[in-house]
Structure formats: C-alpha cells, structure tokens
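> please work out how this folds:
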Amino acid sequence: MLRRRRPPGQDARASRVGRQARVTVVPPIPVPRLSAAGDPSPRLRRRTGAAPAPAPATAARPSGATRYFVMTLSDHDCSKRTGVAGTPEISLPDAAAQFFPAMQRTQRMYPDAYFEAMLNSPQRASSVDYRLWRRPGGAAGHADLRINVKHDTIDLTTPGGGDLILFERTATSVGPQYEVWIVKPNDPNHQDLRAHCNHRVTARGSGGVKYYGFF
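Got it, this is the predicted structure:
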C-alpha cells in the first residue's frame, strides 16, 4: 500500500459524517517496488533512460492480485475544470471496467456505478463520490467507458495534460475501497509509474491516446 507521512501530532483521519477519513498527504508518493513474487514493497525504484515503448491495445485485464491502475491524462481529460462548461470526466480503456465496481442498469439511460474514493492531494485527503458509466460501442479496446471524477479531481491536474492518475484498490470494511492520486511530470515518482503504462488504446472522440497499466 502506498504510504503517506503526516506532520507530528496530526491524526491521519479526520471526522466526517458516518465515519473517519484520512486528511494529510505529503508528496512525493512512495511507488511500490515489485518483487519477483509480485508483492509490492514501499521502496522507491530508480530508473534511467526512457520508459519502454507501450504495447498495442491487446488490452491487459486486471488480475485478482491487481491493486493499482495507472493511466496517462490527456489535454481533454484535464480541461473540465471548475468554471469550465462540461462534465469533469475522463475516458477509460475498456479493460479498466473490471478494476472498478460492477455497473448496473438503473433508472439512467446507461449502465453505471457510484462509488466513494479518497482523493489525495499535497494538502489533504478528502472523500469524493465518483460515477463510472458506459455507453455501448467502441473499438480497438476502447468502449465508451467514462468516469466522472468531479471538479475536485480535475482541478488537481495540469492544464494541457501530461499527468498520471493512479488508483489504489484495497479490501476494507471501513472507509473507501479506492484511493486516487494525480501524479505530475515533475514528481519523482512519475517516471516509475509511467513505466507501468505498458498498454495503449485510442479513446473515442477527443479523449486522445491513453497509456495505462495494472500492477
């Protein structure tokens, strides 16, 4: 699990209606180091040179042991900031559907799923409600799968794109099952995480080319 530091004497959780929530995150994020057995440890890996070229979109699917999903963010993904018209959502590769809660058809037109995530920033962590939904169709490994991450998330990104979005999934009976980070290009962990994005897919419309991976 990604470890975060907090100032001395400050609790890692703060009050919230119904339960407790972590509130303090200090960058950079420790990137898990994968052992030969595939188990992550919190030591940071150092790399030199460019990240390996992504494979074509023979889409990787998350396994039962998968704990992280990481993806590049395009200019379009980062454009729907507070005060900008449009829904603050990002396009996902079809393979990511299995990493998130199962979608169901309800009173809405398309299948969807609502879930809570803990959004981490350099200042604090806060609870955000996300909506995952799918419009039928798509090609080349990309159905029209989208996630509404709200302005809280988009406002943390860099205008013009280039950031990574990192999701962690844990089995827990208390608090959100998902945690989220926006990792900027100047973050020392960006290169390590970008190297996990070894799959590529072209999103529909203006979503752009996406590089992603599971680990």
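
> which one's the longest strand in this structure?
Assignment by DSSP state E gives strand 125-139 as the longest strand of the chain.

> ok, and for stretch 88-108, which residues are buried?
By neighbour count with 16 or more other CB atoms under 10 Å, stretch 88-108 contains the buried residues 88-97, 99-100, 103. To be clear about C-beta, it is placed using only N, CA and C from the backbone, and glycine gets the same treatment.

> and if you look at stretch 179-191?
Within stretch 179-191, the residues that qualify as buried are 179-184, 187, 189-191, counting by 16+ other CB under 10 Å.

> same question, stretch 60-67
Residues of stretch 60-67 classed as buried: 60, 62, 66-67 (neighbour count, 16+ other CB under 10 Å).

> what is the nearest of these to residue 122?
Nearest to residue 122 among those is residue 67, at 22.6 Å by CB to CB.

> got the buried residues of stretch 60-67 as CSV, with pLDDT and distance to residue 211 columns?
Formatted as CSV, the buried residues of stretch 60-67 follow (pLDDT from 0 to 100; distance: CB to CB, whole Å):
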residue, pLDDT, distance to residue 211
60, 76, 12
62, 85, 16
66, 85, 17
67, 93, 19
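
> could you identify the most distant pair in the residues you listed?
Greatest spatial distance among the buried residues of stretch 60-67 (CB to CB): 60 and 67, at 14.4 Å.

> which residue ranges form the strands in the protein?
Here the chain has its strands, by DSSP E, at 13-16, 19-22, 33-34, 40-41, 68-72, 89-92, 112-120, 125-139, 142-148, 164-169, 178-183, 199-202, 209-214.

> out of the ones you listed, flag the one nearest residue 79.
Of these, nearest to residue 79 by CB to CB is strand 89-92, at 10.2 Å.

> re the thing from before, nearest to residue 155, of the strands of the chain?
Nearest of the strands of the chain to residue 155, taken as CB to CB: strand 178-183 at 9.5 Å.
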